[in-house]
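K.L.:
Sharing a model prediction with you, sequence too.
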Amino acid sequence: MKKSHYELIILGSGPAGLTAGLYAARARTDHLLIEKGAAGGQVLLTDWVDNYPGFPDGLSGFELAEKMESHARRFGLTTRTAEVVSMDLLQSPKVLTLEDGEQLTCDALIICSGARPQRLDIPGEIELTGKGVSYCATCDAPFYRDMHVAVVGGGNTAIQEAAHLTKFASRVTVIHRRDALRATKIVQEKAFANKKIDFIWNSHVTAIEGGKGVERLQLKDNNGKETTLAVDGIFILIGVIPNNEMLPLQVLKAEDGGFIPTDNETRTAIPGVMAAGDIRRKEVRQIVNAAGEGATAVLAAEQYLNSLGAVTR
C-alpha cells in the first residue's frame, strides 16, 4: 500500500529543498521530498557557479545540483516526482493534493517551491541563457571583466546591480522602457554620477543575438525606431516571480508579489509550516543562503514535531 502520511514533507528540490532533504534524512525524520521536475531548481539553468563555498575552481549548476542530491541520497533521502496543485494547511494533519487527485498528509511542511526570473520572452533569450544572458549580476558580474554589458530594468535592483557591474565591466548600458527610472532618488543619483553607466531611454530589447555568446541586441524605441547595440552580455533585471500557484497565499499572509513572510527561523504564520529559499520574502536570493535556510527549516520542523510528540529523541 502506498504511504500517504509523513511527519515532514518538503516541497521543492532547489538548494533549499535539497539541503532540507539532507538534514531531514540524516536526522532520520519520516520525510518525503516532492519535486515536479529534475532536482536543482534554478541552479540547473546556471551555466557556471563560481561563488559556492567548497568549490574553489567553480562548477556547473548541473554538477552542483547533482552533488547536492547525491549527498542527501547517501543518508536515505526519500523523493517523489509529482505536482502539488493545492493544499489545506489549517487541517491537522496538513493536506497536499496532487495533480492526479491523490492526497498526502503531513504534520510539518517546508515550502521550498522557489521563484523564477521575469523574462523578456524575446528571440535569443532562452537560447543564450548562461551564455551571456543572465538574471543575477551578483552571481555573474566577475565573468564580464573589461567588457560592455547591458542591464534591462529601472527599479532599485536593476540600478544597484548596474552599479555593482561597474566594478568589473568597462561599460554598463541601462536600457529602460520609460523616460525615468523607478529606483529611489539616492540610487538614481549614484548611478547618474557613475561614469561607467550610460542610459538608453524609452526603448526595449526586441531580440538577443550571437553565436557562442551574446554579441548584440536589437532595440526599438517608443517611436518605432530600430537600432542595434553591440554588447558582450545582458542582465535582465525586471523582477522575480514566486512559484506560489499551489499555495494558500491568504492563509500564509503572503505579500510583496506573493512571497511568503517568515521569522528568522523560517517559520511562517501557520504552526508547523516553514518556508525556505527563493519563495521567502527577503532581499538576497543566492544559492548559499537558500541552502542555509533549508537547514534552518528542518531544525524548526523538528522542534515543532517534538512539541507534538511525533519525534522521540
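P.N.:
Perfect, I can see it now.
K.L.:
Run through who's touching the strand or helix carrying residue 291.
P.N.:
Assigned by DSSP states H and E, residue 291 belongs to helix 287-308. For helix 287-308, contacts defined as Cβ atoms under 8 Å, 6 or more residues apart in numbering pick out 7-8, 14-24, 27, 29, 43, 49, 51-53, 64, 68, 107-108, 110, 112, 265-267, 271-272, 274-278, 280, 282, 311, 313. Placement of C-beta: from N, CA and C, glycine included.
K.L.:
Just say helix, strand or coil for residue 247.
P.N.:
coil (DSSP: H, G, I helix; E, B strand; the rest coil).
K.L.:
no wait, residue 251
P.N.:
Classification of residue 251 using three-state DSSP returns coil.
K.L.:
what sits against the spatially closest residue to it that is not a sequence neighbour?
P.N.:
Leaving aside its chain neighbours, residue 251 sits nearest to residue 89 (5.9 Å; criterion: Cβ to Cβ, 6 or more residues apart in numbering). Residues in contact with residue 89 (Cβ under 8 Å, 6+ apart) are 109, 248, 251-252, 270, 273.
K.L.:
Most neighbours among those, which one is it?
P.N.:
Among those, residue 273 has the most neighbours (other Cβ atoms under 10 Å), with 27 neighbours.
K.L.:
is that one in a bridge, and if so with what?
P.N.:
Taking DSSP bridges, one obtains residue 109 as the residues bridged to residue 273.
K.L.:
Surely it and residue 252 touch.
P.N.:
Yes - between residue 273 and residue 252 a contact is recorded at 7.4 Å, counting by Cβ atoms under 8 Å.
K.L.:
Which pLDDT value belongs to residue 3?
P.N.:
At residue 3, the pLDDT value in this model is 89.
K.L.:
for residue 310, that is, sorry about that
P.N.:
Confidence at residue 310, expressed as pLDDT, is 47.
K.L.:
For residue 105, pull up the helix or strand it's in.
P.N.:
Assigned by DSSP H and E, residue 105 falls within strand 103-111.
K.L.:
Give the other helices and strands that that strand contacts.
P.N.:
For strand 103-111, the packing partners by 3 or more Cβ pairs under 8 Å, 6 or more residues apart in numbering; DSSP states H and E come out as strand 5-11, strand 31-35, strand 94-98, strand 273-275, helix 287-308.
K.L.:
in that strand, what's buried?
P.N.:
Using 16 or more other Cβ atoms under 10 Å as the burial criterion, the residues of strand 103-111 that qualify are 104-111.
K.L.:
for stretch 219-227, same thing?
P.N.:
Across stretch 219-227, burial judged by 16+ other Cβ under 10 Å covers residue 219.
K.L.:
neighbouring contacts of it?
P.N.:
By Cβ under 8 Å, 6+ apart, stretch 219-227 touches 175, 177, 200, 202-206, 218, 228-229.
K.L.:
By mean pLDDT, which helix or strand of this protein comes out lowest?
P.N.:
None of the helices or strands of the chain scores lower by mean pLDDT, DSSP states H and E than helix 137-140, at a mean of 86.
K.L.:
Which elements pack onto the helix or strand just after that helix?
P.N.:
Once the chain leaves helix 137-140, the next helix or strand it forms, by DSSP H and E, is strand 148-152. Here strand 148-152 touches helix 156-165, strand 171-175, strand 203-210, strand 233-236, going by 3+ Cβ pairs under 8 Å, 6+ apart.
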